[in-house]
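[1] please find the sequence and the predicted model below.
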Amino acid sequence: MEAELDRIGGKGSEALRLYKEAETSANEAGFPLNATLSCELAGRFELERGRNDEAATWLRKANDGYKKWKAHAKVKAMDEEFKTLQS
């Protein structure tokens, strides 16, 4: 939540730090779906900033997480939405 508030408030570097922190702490606490969501939000944030390579890395991580959860519709939607970032 704090990362999103910083994103909206224009605090880019702090938002990115908080997305990373959220991913790490969610994984450590055993909440991989929350970590996956953090990756997706970080990827979307990087896209907003025009940082496509960084965005692609985050979004691939998110997509892999959704695949592990067998969230097939979400994976398909992300593949379609971000097809220009796929390598």
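    Everything's here; your move. Numbering: from 1, shown residues only.

[2] what's in contact with stretch 44-55?
    Residues outside stretch 44-55 that contact it (CB atoms under 8 Å, 6 or more residues apart in numbering) are Ala3, Arg7, Gly12, Ala15, Leu16, Tyr19, Gly43, Trp58, Leu59, Leu85. Where you see a C-beta, it was placed from the backbone N, CA and C, and this is true even at glycine.

[3] what about the first one, which helix or strand?
    Right, the one you point to is Ala3. helix 2-8 (DSSP states H and E).

[4] output the contacting helices and strands for that helix.
    helix 12-28, helix 32-48 (3 or more CB pairs under 8 Å, 6 or more residues apart in numbering; DSSP states H and E).

[5] hey, which of those is tucked in deepest?
    Most buried of the helices and strands packed on helix 2-8, by mean neighbour count (mean count of other CB atoms under 10 Å): helix 32-48, with a mean of 20.

[6] from the chain's centroid, how far away is it?
    1 Å (CA atoms, centre = their mean, to the nearest Å).
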